[in-house]
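Chemist: Quick one, fold the following:
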Amino acid sequence: MVKQSKRYAASAKSRPEEAMPLDKAVETLKGFKPTKFDQSVEIHLRLGIDPKQADQIVRGSIVLPHGIGKAQRVVVFAKGDAAKAAEAAGADTVGAEDLAKRIKDGWLDFDVCVATPDMMGLVGPLGRVLGPRGLMPSPKAGTVTPDPANAVKEYKAGKVEFRNDAGGNVHAVVGKLSFDAPKLVENIQAFLERIQGLKPNGVKGTYVRGVVIAATMSPSVRVAS
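Modeler: Numbers count the residues shown, from 1 in each chain. The predicted model follows:
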């Protein structure tokens, strides 16, 4: 059993057990005793989906209104004009065979990997390295695109990818604890609306069954859904 810090234990003791409106939940989260660093704020949703059914996978991305408070490192597989455009848009690294070799040799110092469609023959074999880390480019996530420059701009602006896990849960970062409460509320509300818009047709009963928000080293707070 992991030993909890006195700060965490005190916060957990003061936490209301009932679900509360989003603005109150954010207020509660921001009211916990602070840490020495700026914690990330995460949202965790329990969905009433059957993750074993291909037509009930909930996956997508969203550019949050106020970003996530973190500069995401973006690498791009592209050549020619697309590569030049990606560099101009702020990509951290742009390449082709050279980039593939670097990743194959163990370099993974980035948060997002984008590729143009013509590069997927080169990127495909990297799936065993990129896939387990959630870094494999995908058309559904918008990371396989003929316009890598736009993808770079979106991720630099705070685009977040998400996909349900084997238990039908969705997790995502929605900002930093230092954000003003109204900005956190707007980010979380935008994320919830995005999830609602992706409700699979095959879902029976309640779709969003539980919502909690938490910071990196703080207890979770239940949100009324």
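Chemist: following the helix of greatest length in the chain, which helix or strand shows up next?
Modeler: In the chain, assigned by DSSP state H, the helix with the most residues is helix 181-197. Once helix 181-197 ends, the next helix or strand along the chain (criterion: DSSP states H and E) is strand 208-215.
Chemist: isn't residue 212 right up against residue 28?
Modeler: No: using C-beta atoms under 8 Å as the test, residue 212 is too far from residue 28 to be in contact (11.4 Å). The way it works is simple: take the backbone N, C-alpha and C, and place the C-beta from them, glycine included.
Chemist: hey, what's in contact with both of these two?
Modeler: Residues touching both residue 212 and residue 28 (C-beta atoms under 8 Å, 6 or more residues apart in numbering): residue 221.
Chemist: pLDDT on the longest helix of the chain, on average?
Modeler: Average pLDDT, helix 181-197: 97.
Chemist: How about stretch 157-165?
Modeler: Mean predicted lDDT for stretch 157-165 stands at 89.
Chemist: how about residue 77, what does it touch?
Modeler: Here residue 77 is in contact with 94-96, 99-100, 113-116, 119, 122-123, 137 (criterion: C-beta under 8 Å, 6+ apart).
Chemist: so how far is residue 194 from it?
Modeler: According to C-beta to C-beta, to the nearest Å, residue 77 stands 27 Å off from residue 194.
Chemist: just to revisit the earlier point, now the angle from the longest helix of the chain to strand 208-215?
Modeler: For helix 181-197 against strand 208-215, the angle by axes from the mean of the first three to the mean of the last three C-alpha atoms, to 10 degrees is 150 degrees.
Chemist: Let me see the ranges of the helices in the protein.
Modeler: 6-14, 22-31, 80-89, 97-104, 120-123, 127-130, 148-156, 181-197.
Chemist: CA atoms only for the second one, dumped as CSV, please.
Modeler: As requested, C-alpha coordinates have been extracted for helix 22-31 and formatted as CSV (Å, rounded to 0.1, in the frame of the first residue of the first chain):
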residue,chain,number,x,y,z
LEU,A,22,-18.7,21.6,-12.0
ASP,A,23,-17.9,25.1,-10.7
LYS,A,24,-18.1,23.9,-7.1
ALA,A,25,-15.9,20.9,-7.9
VAL,A,26,-13.2,23.1,-9.4
GLU,A,27,-13.4,25.4,-6.4
THR,A,28,-13.0,22.4,-4.1
LEU,A,29,-10.0,21.1,-6.1
LYS,A,30,-8.3,24.4,-6.1
GLY,A,31,-8.9,24.7,-2.3
